[in-house]
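Colleague: Have a look; sequence and predicted model below, questions after that.
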Amino acid sequence: MASYDGVFTALGLRDWCDGGGSSGGPMSMADLLAKTQGGAAQSGGAWWDLPLPSLNNLHEACGAIWQTRDLTLGLERGFLSARDALRVVLDPMTQPLSWMLRETIWLMTATPWFIMLPVLLLLTWLVSRSASVVLLVAASLGLLAFVDHYTEAMQTLAIIFVCAFICVLFGVPIGIAMSRSDTLQRIVTPILDMLQTLPAFVYLIPLIFLFSVTEPKLYGIAIILYAIVPVIRLTDLGIRLVDRDVIEAADAFGMSRWQKLFGVQIPLALPNIMAGINQTIMMSLAMVVIASLVSAPGLGVLVLRGIRNLELGVGLIAGFGIVLLAIVLDRVTKSALNRIDASKSRH
């Protein structure tokens with residue numbers, strides 16, 4: 001097979017390559033086979049047999065070039081060397097998240113069901129003002145309680161409430177700041193693109209090394225990072241879509257920037273913001289099952305149990321429970337959005 005020996009020789013890098021090849025480490029199986037077969041097999045061959053110029057293939061021709069395993073080991077060692085410093089900074093900042101998750105889960109599971117369920121139905125009525133939505137919530141929670149999944153459902157709802165609240169608490173101001181600064185939007189948009197496209201499991205990899213598995217903030221941070229993107233994007237979009245004529249009218253009345261923001265822009269952008277909150281809640285719920293891999297309680301644990309132990313019924317019922325919660329949360333937030341649209345049309 002053709003190789004890149006001639007390329008490095010033609011560039012005058014042969015001495016550098018030969019000097020960097022002796023690392024003193026154990027020889028890999030590929031290197032051992034190449035050595036026993038001789039170099040003639042690598043130097044010959046047609047040009048269409050030229051291998052892809054990857055790190056491993058270039059390393060065979062020039063020992064001074066890193067292999068892929070050297071790159072991954074370098075990244076791992078760099079992260080582990082900075083881990084202690086990151087913990088010193090991140091642990092105090094994220095500890096309130098652990099407290100919020102732990103106390104909210106305790107509150108929703110320790111409160112008697114005959115108190116907790118009416119409270120949830122009352123909150124549903126206050127948000128939606130729809131009897132049909134309240135009946136849907138009552139039927140869904142009643143069904144989950146009937147199949148002995150009440151505690152797991154409350155744990156899942158507690159995680160969603162806390163993580164969605166923090167997403168809104170930080171996401172809406174970030175979206176507002178992006179809408180008021182094109183420079184900030186250009187900086188933040190690539191970060192949001194990365195957060196939105198990373199596979200869900202990837203969020204857990206650095207967090208497992210930074211935090212203890214027993215800490216609720218481990219799965220809380222993963223859920224927040226995964227779910228915060230929609231509320232930021234749609235807040236930014238909603239404020240930018242406010243009619244310029246309305247802004248000019250507000251300027252004509254002598255409104256300040258803050259008066260325009262809270263009196264004109266945010267009320268008009270509220271439908272888009274609520275749509276972002278709806279998507280954030282749905283993405284939080286989608287992450288709950290994956291977060292169960294790192295000790296997140298709730299229905300995701302039952303789904304994981306069904307996968308691990310091949311208990312088909314357990315996994316299907318728990319999955320159906322997650323679907324019910326998703327439908328309930330979606331209907332409640334959409335009812336709130338419809339109320340906002342209706343109030344805007346009346347005015």
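Modeller: Noted; the coordinates are in hand. Keep in mind the model is a prediction, meaning the values are calculated, not measured.
Colleague: Distance-wise, check the spatially most central residue of the chain relative to residue 282.
Modeller: Closest to where the C-alpha atoms of the chain average out (C-alpha atoms, centre = their mean) is residue 226, at 1.6 Å. Distance, residue 226 to residue 282, by C-beta to C-beta, to the nearest Å: 11 Å. Just so you know, the C-beta spots here come from the backbone N, C-alpha and C atoms, and that holds for glycine as well.
Colleague: repeat for residue 5
Modeller: Going from residue 5 to residue 282 by C-beta to C-beta gives 55 Å.
Colleague: for residue 338, same thing?
Modeller: With C-beta to C-beta as the criterion, residue 338 and residue 282 are 17 Å apart.
Colleague: More neighbours: the two, which one.
Modeller: residue 282 (18 against 15; other C-beta atoms under 10 Å).
Colleague: residues contacting that one?
Modeller: 326, 329, 330 (C-beta atoms under 8 Å, 6 or more residues apart in numbering).
Colleague: can you tell me the helix or strand for it?
Modeller: helix 266-291 (DSSP states H and E).
Colleague: Okay, buried residues for the helix or strand just after that helix please.
Modeller: Going down the chain from helix 266-291, the next helix or strand is helix 299-308, by DSSP H and E. For helix 299-308, a neighbour-count test (16 or more other C-beta atoms under 10 Å) marks 299, 300, 301, 302, 303, 304, 306 as buried.
Colleague: ok, now how distant is the fourth one from residue 188?
Modeller: When C-beta to C-beta is applied, the distance between residue 302 and residue 188 equals 37 Å.
Colleague: ok, so of the buried residues of helix 299-308, who is nearest residue 55?
Modeller: Proximity of the buried residues of helix 299-308 to residue 55 (C-beta to C-beta) peaks at residue 304, which lies at 36.3 Å.
Colleague: Domain map for this protein?
Modeller: As given by automatic domain parsing, the domain ranges for the chain are 5-66, 83-346.
Colleague: now these as a markdown table including distance to residue 76 and mean pLDDT?
Modeller: Formatted as a markdown table, the domains of the chain follow (distance: least, C-beta to C-beta, whole Å; pLDDT from 0 to 100):
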| stretch | distance to residue 76 | mean pLDDT |
| --- | --- | --- |
| domain 5-66 | 14 | 66 |
| domain 83-346 | 9 | 91 |
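Colleague: ok, and which of the ones you listed has the densest surroundings?
Modeller: domain 83-346 (a mean of 17; mean count of other C-beta atoms under 10 Å).
Colleague: quick one, helices of the stretch 101-250 of the chain?
Modeller: 113-128, 131-146, 150-180, 182-197, 204-210, 216-227, 229-240, 244-252 (DSSP state H, counting those that start in this stretch).
Colleague: Serialize these to TSV and add fields for distance to residue 14.
Modeller: Shown next, in TSV, are these (distance: least, C-beta to C-beta, whole Å):
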stretch	distance to residue 14
helix 113-128	73
helix 131-146	70
helix 150-180	53
helix 182-197	40
helix 204-210	39
helix 216-227	47
helix 229-240	50
helix 244-252	65
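Colleague: nearest to residue 96, of those?
Modeller: helix 216-227 (8.7 Å).
Colleague: now the angle from the closest one to helix 299-308?
Modeller: For helix 216-227 against helix 299-308, the angle by axes from the mean of the first three to the mean of the last three C-alpha atoms, to 10 degrees is 90 degrees.
Colleague: Using PDB, list the CA coordinates for helix 216-227.
Modeller: Extracted as PDB, the C-alpha positions of helix 216-227 are listed here (Å, rounded to 0.1, in the frame of the first residue of the first chain):
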ATOM      1  CA  PRO A 216     -29.000  16.100  42.100                       C
ATOM      2  CA  LYS A 217     -27.200  19.000  40.400                       C
ATOM      3  CA  LEU A 218     -25.500  16.400  38.100                       C
ATOM      4  CA  TYR A 219     -28.700  15.600  36.300                       C
ATOM      5  CA  GLY A 220     -30.200  19.100  36.900                       C
ATOM      6  CA  ILE A 221     -27.400  20.800  35.000                       C
ATOM      7  CA  ALA A 222     -27.700  18.300  32.100                       C
ATOM      8  CA  ILE A 223     -31.400  18.900  31.800                       C
ATOM      9  CA  ILE A 224     -31.000  22.700  32.000                       C
ATOM     10  CA  LEU A 225     -28.300  22.800  29.300                       C
ATOM     11  CA  TYR A 226     -30.400  20.600  27.000                       C
ATOM     12  CA  ALA A 227     -33.700  22.500  27.500                       C
END
